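Novice: Below is the sequence, then the predicted model.
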Amino acid sequence: MGLVKEGNPVLTTRDRTILGEFPHIFTHKTILSLILVLCAIWGTVVRTQGAELTFTASVDRTQVGLDDSLTLTVSVSGKDVGGISEPQLPSLEQFEVVGTNSSSSSQFSIVNGKMTSSKTIDYIYSLRPLDVGKTTIGAATLKFKGQTYQTEPIDIQVVAGSVSGKSQKGRSPGIRTPQAPSVPEELAGQDLFVRAEFDRRKVFQNQQVTVTYALYNRTSLTNVQYGQQPTFTGFWTEEIYAADRLNFQQKVIGGKRYQVAVLKKLALFPTTSGDIEIEPMELLCDLQVRSRDIFDFWGRTKRVRIASEPATIMVQPLPQGGKPPSFTGAVGQFSLKASVDQNQVKAGEPLKLTVEVRGQGNLKTLLPPQLPALDNFTSFEPEVQEDISPAGNAIGGAKTYQYVLIPKEQGQYRIESLKLPYFDPAGKAYHIASTKPIAIDVLPGEKGEFPLVVGLGREEIKVVGQDIRYIKPSSVVLKNQRDDLFRNRFFWILQIVPLMAVCCAIVARRRRDRISRDAGYARYRRAHRQARQGLRAAQKLMRAESLPQFYGAVAKVLYDYLGDKLNISACGVTAQQLRDELKKYQLEGQLLEEILDFTQTCDYSRFAPASAQLADMETILKRVRNLLARLEKSDL
Amino acid sequence: MKHFLLVALAFVLLPSFPKWSLAQSAASGLYQQANQAYGEGKFPEAIKTYEKILESGFTNGAVLYNLGNAYFKDNQLGRAILFYERAKRLLPRDQDVAANLALASQLTVDKIASEKTPRFMGVFTWPARSMSIAELTRVSFFLYIITAALVLVTIWTRSHVARKRLLLASFIAGVMLIIGVASLLGNIHGQQMVSWIIILNPVSDARSGPGDEYTKIFTIHEGTKARIRQQREGWYLISLPNGLAGWIPQEIAEII
């Protein structure tokens, strides 16, 4: 049970720490797997007959993958085996001997006071199987003291690829621990190391490279932490396995037993060509240091930094020869399948076209396969579903594209086969995966149903060309638009008319306003008109030959006129008053005297009518007209 | 006075009417002929016919536009732009003219960044941009008559309420009149007083003075619009919207 104590620490993912805690060791799974490991080792042990010498052969496992190696241990133990010659191996036609090693140990025991000593020599052979199938490791022979010892043959089953050890059988398939890869000799000397194993180092662009990180340990490891992690620039990476706890497997390398645990397994898809460097992965390991102090029960630990070797991957560009024109970068092995949810559909109703790409390779970075021309269908961007998981070491699965198609018109249609060209890196050739054509029967759509989808397929009008707009048609009545109106002098002169009208209106309005406001002004304005009316009345009286009235009327005309003009009361105007008022105005020469003389004449004739004659009356009228005309011209 | 007004009206409204109608029938015939030639793709022939209409002293926006199209199709970009510009003056609101002028201007080699007028200025220049001189003349005249009539009625009305309303109406009419007249004067200035040219030569040099011996300042290409600042015998001093100025020979360009 020493194995149990050393192995199977637990990896806690939360703090990225791999802890070795004892209570966790005694889980059912671990015990079961350890028992199975022990069976595998000791089940094949064969003891030879004879007391002095024990000669056995054992293998670390009976089932082995082509990619794995097998350790054959032939051990000789007994008294006085010091000068023993190396046992003769059987003919190993199905195996290649990769390495040999040997170790020896001595035992002393005292039974019933009798001391016996024995020595064990282990001859260790690393074997690599060469062919798949059932094979047998024949008996090894040893000659010792004239006697020939023989081991029993061991049956070995060789399978393709790499297999997990028998210890894995009890585990649930979901968290299978992959088999640790083989180790080259130069590392076998160290006690603790981490190794990055690549399944291939020369790949095509987009071809998968699988890298496995494994921890090899034969020390008192208590704790493991991840340090600097590689960035994998230039790759698209997909995790195949990541250890949540370290599942150590027993492995003998170069005669040394190692606890080997796979930490991580990644699928890398190079996105560019060229030599790409992959940085080392660092681990921080705590080792227990045994202390002499008995009170130091737990002991002290020592931190060790280990790192895997950097590696270079040579990425070749995909060959140009034979590349299909529609190739979009799919590398791997793919198959294509297309189906519709119904083969009969009404026009205007949606139809689902499911295209499934299944296979191994760069599924995630795959572009959707080109849909064939579907003139009478409206198609929409596909809905993509991915179901990608690692199958063994290869990343693969299925990617499903679901297209919604809406037929526009009734009729018999065929969805032509879809094609997916891909490059098969194994065969180093291009292939085309294709689907079978699908027949669609479109029935006439119901009325009113079609407009429901009209909005979905609408798009902006695209301008595909540019040109000038077409000429104006001939039907336009051709009018001479040569316009010289603004150059026409008469047009501008004409603009004065409204302006003048407005000016006249303003002047007239102001005059009218004054008349309505100012009585004196009104009298002044109407004096001349009234005087003319008075004279017309006087003329009538003259014809009627009523002399006193005539003279009175003529005098009144003059008095009223002057009264209006001077804004004084006309009745009771005396000659003296008139003289005083008129003196204020500068009247021409004799006008004032003439006016006064005239009023005197009128008064005189009025009161002495006999002396008045018809001829005189006409003279009087002439005189008053003369006076009025002259007064009108004066500043009065 | 009354006789004078009548004569003036006659001058304004009926300038040589019989001569017009004669020209119109001839022009319509040529126009149809030219359009037909254009439709058949005989662009040089269409150009000749359209030009004949214009030579007879007859001007029409549709003819200018169609002639621009014919030049465009005949790969004479400069002349196409020239006639689109001329058509735009007569048909400022026509979308076809604007679209073709924009397209043709895009095809010119010289890309000149012009200083942009602020957006609020666009409100004030809108009447000037969207109306031709002829339209603005008539609109302004109409507004003038309306304003004068409103003022007259306002002066003569006796009712105080009516006077207030009339005063407001005449004020509005007066503001519109001022905008109209300002736009008209602006357009007369921009189109008649200031001369714009379109370059017709594919490539030509602008020099520092009116003569081939002067230093070359810049190269100017077909279709570019520029403003004339000065004229000397056979030479124009032009300035571009970005401020560059130089002398070019008169024969490489034509005034819009």
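Specialist: Here it is on my side, so go on. Residues are numbered from 1 along each chain as shown, chains lettered A, B, ... in the order given.
Novice: Helices of the stretch 151-256 of chain B, start to end?
Specialist: With helices called from DSSP state H, counting those that start in this stretch, the stretch 151-256 of chain B shows them at B:160-188.
Novice: neighbours of the residue of it found nearest chain A, just the number please.
Specialist: Going by Cβ to the nearest Cβ, chain A is nearest to B:I155 of the stretch 151-256 of chain B, at 4.5 Å. Placement of C-beta: from N, CA and C, glycine included. For B:I155, the count of nearby residues is 19 (other Cβ atoms under 10 Å in any protein chain shown).
Novice: wait, isn't it in contact with A:V502?
Specialist: Yes. The pair B:I155 / A:V502 is scored as a contact, 7.4 Å apart, by Cβ atoms under 8 Å.
Novice: who touches B:L168 in this structure?
Specialist: For B:L168, the contact set (Cβ atoms under 8 Å, 6 or more residues apart in numbering or on different chains) is empty.
Novice: re earlier: distance check, the residue of the stretch 151-256 of chain B closest to chain A against A:L494.
Specialist: Separation of B:I155 from A:L494 (Cβ to Cβ, to the nearest Å): 21 Å.
Novice: now swap in B:Q192 and tell me
Specialist: 21 Å.
Novice: Out of those two, name the residue with the larger neighbour count.
Specialist: A:L494 (18 against 11).
Novice: Check what pLDDT the more buried one gets.
Specialist: As predicted, A:L494 sits at a pLDDT of 86.
Novice: again with A:P444
Specialist: 80.
Novice: Run through the residues that contact it.
Specialist: Applying Cβ under 8 Å, 6+ apart, the residues near A:P444 are A:346-347, A:410.
Novice: 7 Å instead, please
Specialist: Applying Cβ atoms under 7 Å, 6 or more residues apart in numbering or on different chains, we find A:P444 in contact with A:347, A:410.
Novice: ok, so what distance separates it from A:Q342?
Specialist: Counting by Cβ to Cβ, the gap from A:P444 to A:Q342 is 16 Å.
Novice: and if you look at A:N480?
Specialist: For A:N480, the distance to A:Q342 - Cβ to Cβ - is 70 Å.
Novice: So which of those two has more stuff around it?
Specialist: Taking neighbours as other Cβ under 10 Å, A:N480 and A:Q342 compare with A:N480 leading, 17 against 11.
Novice: which SS state does that one fall under?
Specialist: Of the three states, A:N480 takes coil under DSSP: H, G, I helix; E, B strand; the rest coil.
Novice: was I right about it contacting B:Q24?
Specialist: Yes. When contacts are counted by Cβ atoms under 7 Å, A:N480 is listed as touching B:Q24 (6.4 Å).
Novice: Could you confirm A:F334 falls within a strand?
Specialist: Yes. Under three-state DSSP, A:F334 sits within a strand.
Novice: Contacts only, for it.
Specialist: Neighbouring residues of A:F334 by Cβ under 7 Å, 6+ apart: A:357-359, A:361, A:420, A:422, A:433.
Novice: Show me what it is bridged to.
Specialist: Beta-bridge partners recorded for A:F334 (DSSP bridges): A:G359.
Novice: So which bits of stretch A:582-590 are buried?
Specialist: Residues A:582, A:587 are the ones in stretch A:582-590 that count as buried (16 or more other Cβ atoms under 10 Å in any protein chain shown).
Novice: could I get that stretch in PDB with only the CA atoms?
Specialist: What follows is stretch A:582-590, C-alpha atoms only, in PDB (Å, rounded to 0.1, in the frame of the first residue of the first chain):
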ATOM      1  CA  LEU A 582     -57.000 144.100 -42.600                       C
ATOM      2  CA  LYS A 583     -54.100 146.300 -41.600                       C
ATOM      3  CA  LYS A 584     -52.500 143.300 -40.100                       C
ATOM      4  CA  TYR A 585     -52.000 141.900 -43.500                       C
ATOM      5  CA  GLN A 586     -49.800 143.500 -46.100                       C
ATOM      6  CA  LEU A 587     -52.300 144.100 -48.900                       C
ATOM      7  CA  GLU A 588     -51.200 145.400 -52.200                       C
ATOM      8  CA  GLY A 589     -51.300 149.100 -52.800                       C
ATOM      9  CA  GLN A 590     -54.800 150.500 -52.800                       C
END
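Novice: Rounded mean pLDDT for stretch B:80-94, please.
Specialist: On average, stretch B:80-94 scores 90.
Novice: What pLDDT is listed against the closest residue to A:P310 other than its chain neighbours?
Specialist: Take A:P310 and drop its neighbours on the chain: the residue closest to it by Cβ to Cβ, 6 or more residues apart in numbering or on different chains is A:P280, 5.1 Å away. Listed pLDDT for A:P280 reads 87.
Novice: where does A:P280 fall, helix, sheet strand or coil?
Specialist: With three-state DSSP as the criterion, A:P280 reads coil.
Novice: so for stretch B:65-72, what's the average pLDDT?
Specialist: Mean predicted confidence for stretch B:65-72 is 91.
Novice: is chain A contacted by it?
Specialist: Yes. Using Cβ under 7 Å from any Cβ of the partner chain, stretch B:65-72 reaches chain A at B:65-66, B:69, B:72.
Novice: Give me the buried positions along stretch A:552-571.
Specialist: Judged by neighbour count (16+ other Cβ under 10 Å), stretch A:552-571 contains these buried residues: A:552-566, A:568.
Novice: how about the CA coordinates for it, as PDB?
Specialist: Output in PDB follows, covering the C-alpha atoms of stretch A:552-571 (Å, rounded to 0.1, in the frame of the first residue of the first chain):
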ATOM      1  CA  GLY A 552     -77.300 144.100 -49.600                       C
ATOM      2  CA  ALA A 553     -76.400 140.800 -51.100                       C
ATOM      3  CA  VAL A 554     -73.200 142.100 -52.800                       C
ATOM      4  CA  ALA A 555     -72.100 143.700 -49.600                       C
ATOM      5  CA  LYS A 556     -72.800 140.500 -47.700                       C
ATOM      6  CA  VAL A 557     -70.700 138.500 -50.100                       C
ATOM      7  CA  LEU A 558     -67.700 140.700 -49.400                       C
ATOM      8  CA  TYR A 559     -68.300 140.900 -45.700                       C
ATOM      9  CA  ASP A 560     -68.900 137.200 -45.400                       C
ATOM     10  CA  TYR A 561     -65.800 136.500 -47.400                       C
ATOM     11  CA  LEU A 562     -63.600 138.700 -45.300                       C
ATOM     12  CA  GLY A 563     -65.300 137.300 -42.100                       C
ATOM     13  CA  ASP A 564     -64.500 133.800 -43.100                       C
ATOM     14  CA  LYS A 565     -61.000 134.600 -44.100                       C
ATOM     15  CA  LEU A 566     -60.300 136.600 -41.000                       C
ATOM     16  CA  ASN A 567     -62.300 134.200 -38.800                       C
ATOM     17  CA  ILE A 568     -64.500 137.000 -37.300                       C
ATOM     18  CA  SER A 569     -68.200 137.300 -37.000                       C
ATOM     19  CA  ALA A 570     -69.700 138.600 -40.300                       C
ATOM     20  CA  CYS A 571     -72.700 140.400 -38.800                       C
END
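Novice: So what touches it?
Specialist: A:520, A:523-524, A:526-527, A:530-531, A:534-535, A:537-538, A:541, A:573, A:578, A:581, A:598-599, A:602-603, A:606, A:620, A:624, A:627-628, A:636.
Novice: Please parse chain B into its domains.
Specialist: B:23-106, B:119-193, B:196-255 (automatic domain parsing).
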